[in-house]
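> Quick one, fold the following:
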Amino acid sequence: MAGRRGGPVTALTSTVVRLKLSLLRNGLRQSGGRRAAYVASAVVVLVFAVLQLLGLIALRGHAHADALVVLLVGVLGLGWAVMPLFFPGGDETLDPTRLVMLPLRPRPLVRALLAASLVGIGPLFTALMLVGSVVAVAHGAAAYVVSVVAVVLALLVCVALARAVAAANVRLLTSRRGRDLAVLSGLVIAVGAQVVNFAAQRLGTAGLGQLDPAAEVVRWLPPASAVGAVDSVSEGAYGLAAGQLAVAAAALAGLVAVWARSLDRLMTAPDGSTLGAAEEDARDRRGGAGWARLLPDGRTGTVMERSLRYVWRDPKTKAAWVTSLAIGLIVPVFNAVQGTGSIYFACFAAGMLGIQMYNQFGQDTSAFWMVALTISSPRDAYVELRARALALLVITLPYATLVTVVTTALLGDWPRLPEVLGLSLALLGAMLTTGAWTSARFPYSIPQEGYKNVAPGQTGLAWISIFGGMVAAALLCAPVIAVTIWLNVTVDGELWSWVLLPVGAVYGTAITLLGLRLAAPQVAARLPEILAAVSKG
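Residues are numbered from 1 along each chain as shown. Coordinates of the predicted model:
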C-alpha cells in the first residue's frame, strides 16, 4: 500500500485501529470468565490511575514535586520498554510478522500501528499519570500550553519505545527464551515490589529531598524530559525547556526510525529462527560436554546432568529456581539493609531452595515413564533420588553459604556466622528429606503451558506436599534449633557457638541420607501411581 498520499495512509491507520478493537472485542467474547477478568482489571487499573492522578495534583506546590514526577515518568517509560519482553502475548498486534504477507510499507505501517497502540487500558493509564505529573509542576499560562505538547510527546515516546523493543525482539519473543521471559515476569514484579517498598520506606524517613540528584539526570532522559520541560517553563527557563522538548522529540524520531527499520527487516528477510535454534542447541550440547565430565559416572552423573539441564532449559523449572534464588537473597539482605533484619533470616535462602526438592517427578511430566523403566528395585530408586538431591546441592550449598556470609557482613555479626550456617545446613537437609518423601507420596503434574504450576484437581496434593513438608522439616530441625537456643541463653554459649557448624552439617547429611533411604521403597512401589499423577498436565 503506498504511503505517498494521505488517503491510503489514513485508510490503513483506520483499518489497523479497527483491527485492534476487533481483536479486543473477539477476545472478550471467548468466555465470560475472561470478560469478567478484563472488566475487573480495567476497573482496578482505572481506579488506581485516578487515585494517582489526584495524588499528583495534590503535590502541586510541594518543594520537591518536580523531582518526584520526573522520576515517576522515567519509571513509567522503563515499564513500557520492558513490558513487551515479559508480556509478549498481551497484544497480538505487537507481532508484525502476522502482516508479512500483506503489501504494506514500513513507514505507513508504523503510523498505523502507533495509532493502534494508543487504544487500550495501558495508554489510558499512562495518559492519566502524565496529566497528573504536568499539573503538579505547571505554573503559568505558558507552562500549561507546553503541558499539552509534553503529554502528547511523552505518551508517543512510551508507545513507540514499546513497539520498537517488540519489533527488535520479535524472534526472541516467539522462541523458547521468550516464553522463559514471560514465565519470569512474576519474579520481576516481586523484585520490583520489594525495591519500591524499600524506596518508599527510605523516602518516608528521609523525605523527598534526596530524589533531587537523581531527578537532575533523569529530567534529560525521554520521556521524563518532556515533563521536565514543563517544570523549566514554570521556572522561566525557556531555553532549557526547549532543549528538553527537543530531546524527547529526537527520541521519538529515533525510535520510529528504529521501529521502521526493524519492520523492514522482518518483512523482507527470511526467517532463520529455526536455524538459530538449532545452532543454539548445538552450542548448548558442546558447552554441556565440559561440565558434564565433572559429574560422577553411571546413573548418578546421568541423573544429575538431566536435572541441571531442567534447571537451565525448562521454563517452569527455571522460573521456580530463579524465584527461589532471588527471594532467598532479597528477604535477608533487604531486611539487613533497612536495619530491621536478623542474622537468622539467612536461613530463608536454604528454606526457599530446599523447596525445589519437592515434587521431583512432577517436572518430568509424562516423560517420567522413561525414568520408571529404569527403576526395578528400591536401590535404583535410592540412586535416582540421591542424584537429584546432589544436583540440587550443587546450586544450593554455595548459594546458601553466600547469602549467609552477605547477611552477616551487612549486620556485622561475624561471631554468629558458624551457628547460622550450621542451622542453614540442617534446615536444608530436613527440606531434602521431606522433599524426597513427599515426591513419592504426593506427586502432582506441572502444566507445560500457561502460568499455572499445578494441574486442575491437584491443588490439594500440592498444598499437602509443600506446606506439610515444610512443617515436617521444621520439626526435623528441632534438635539443632534447641541446641542453638540453649547456647544463646547460657553464659558461655558464645564460646561454643562454632560447634553448631559441624553439628548442623553432620545432622543435615544424616537426615538427608535417612530420608532418601525411607523414600526409595515408596518410589519403587508406587511407580504407576506417580506416572499417572504427573501425566495430568
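> what packs against the helix or strand in which V333 is found?
Here V333 sits within helix 315-337, counting by DSSP states H and E. Packing contacts for helix 315-337, counted by 3 or more C-beta pairs under 8 Å, 6 or more residues apart in numbering; DSSP states H and E, involve helix 176-183, helix 185-206, helix 298-313, helix 347-354, helix 378-411. In this view, the C-beta of every residue, glycine as well, is placed from N, C-alpha and C.
> Quick check, pLDDT for the residue lying closest to F345 once chain neighbours are set aside.
Spatial nearest neighbour of F345, excluding adjacent residues (C-beta to C-beta, 6 or more residues apart in numbering): P332 at 3.8 Å. Looking at P332, its pLDDT is 87.
> With A138 instead?
On pLDDT, A138 comes in at 90.
> which ones are touching it?
Contacts for A138 (C-beta atoms under 8 Å, 6 or more residues apart in numbering) come out as 144, 146-147, 230, 233-234.
> for it, phi and psi?
phi -80, psi 130 (degrees, to the nearest 10).
> same deal with the one 4 residues further on?
Note on A142: backbone dihedrals following degrees, to the nearest 10 are phi -60, psi -40.
> What count of nearby residues applies to V16?
The number of residues packed near V16 is 23, by other C-beta atoms under 10 Å.
> Just the local confidence number for it, please.
V16 is assigned 79 on the pLDDT scale.
> Can you name the element that comes right after the particular helix or strand that has it in it?
Using DSSP H and E, V16 sits in helix 6-28. Following helix 6-28 in sequence order, the next helix or strand is helix 32-58 (DSSP H and E).
> Check which helices and strands that following helix is in contact with.
So helix 32-58, by 3+ C-beta pairs under 8 Å, 6+ apart, packs with helix 6-28, helix 121-137.
> closest one to G55 among those?
helix 121-137 (7.4 Å; C-beta to C-beta).
> Next up, the contacts around the residue nearest to S133 when sequence neighbours are not counted.
In space, and not counting its chain neighbours, S133 is closest to V69: 4.0 Å by C-beta to C-beta, 6+ apart. V69 makes contacts with 56, 59, 132-134, 136-137, 227, 231, as judged by C-beta under 8 Å, 6+ apart.
> Check P528 too.
Listed by C-beta under 8 Å, 6+ apart, the contact partners of P528 are A372.
> Now tell me which helix or strand of this structure has the poorest mean pLDDT.
Sorted by mean pLDDT, DSSP states H and E, the helices and strands of the chain end with helix 273-292, the least confident at a mean of 49.
> most tightly surrounded among the helices and strands packed on helix 32-58?
Most buried of the helices and strands packed on helix 32-58 by mean neighbour count (mean count of other C-beta atoms under 10 Å) is helix 121-137; its value is a mean of 22.
> What is the burial count for A36?
Counted with other C-beta under 10 Å, the neighbours of A36 add up to 11.
> so G457 touches K536, yeah?
Yes - assessed by C-beta atoms under 8 Å, G457 is found in contact with K536 at 7.3 Å.
> Three-state assignment for the nearest residue to A251 once chain neighbours are set aside, please.
Take A251 and drop its neighbours on the chain: the residue closest to it by C-beta to C-beta, 6+ apart is P222, 3.7 Å away. Under DSSP: H, G, I helix; E, B strand; the rest coil, the three-state class of P222 is coil.
> go on, the one 4 residues further on?
Of the three states, A226 takes helix according to three-state DSSP.
> and if you look at K536?
Assignment for K536 (three-state DSSP): coil.
> Would you map out the domains in this protein?
6-269, 296-534 (automatic domain parsing).
> Mean pLDDT lowest where, among those?
domain 6-269 (a mean of 78).
> so how far is it from its chain's centroid?
Its chain's C-alpha centre and that of domain 6-269 lie 20 Å apart, by C-alpha atoms, centre = their mean, to the nearest Å.
> Equivalent analysis for stretch 470-486, please.
So, by C-alpha atoms, centre = their mean, the centroid of stretch 470-486 is 32 Å from its chain's centroid.
> Now do that stretch: everything it contacts.
Counting by C-beta under 8 Å, 6+ apart, 351, 354-355, 419, 422-423, 426-427, 430-431, 433-434, 493, 500, 503-504, 507, 511 sit against stretch 470-486.
> Got the phi and psi for G339?
phi 80, psi 10.
> Next one: it from A326, what distance?
Distance of G339 to A326, computed by C-beta to C-beta, to the nearest Å: 22 Å.
> neighbour count winner among the two?
A326 (17 against 8).
> higher neighbour count, G457 and K536?
Using other C-beta under 10 Å as the criterion, G457 and K536 rank with K536 on top: 17 against 10.
> Would you confirm that that one contacts T459?
No - using C-beta under 8 Å, K536 is not in contact with T459; the gap is 11.9 Å.
> The one helix or strand A430 maps to packs against which elements?
A430 belongs to helix 417-441 when assigned by DSSP H and E. In this structure, helix 417-441 packs against helix 347-354, helix 378-411, helix 469-476, helix 478-489, helix 500-525, with contacts taken as 3+ C-beta pairs under 8 Å, 6+ apart.
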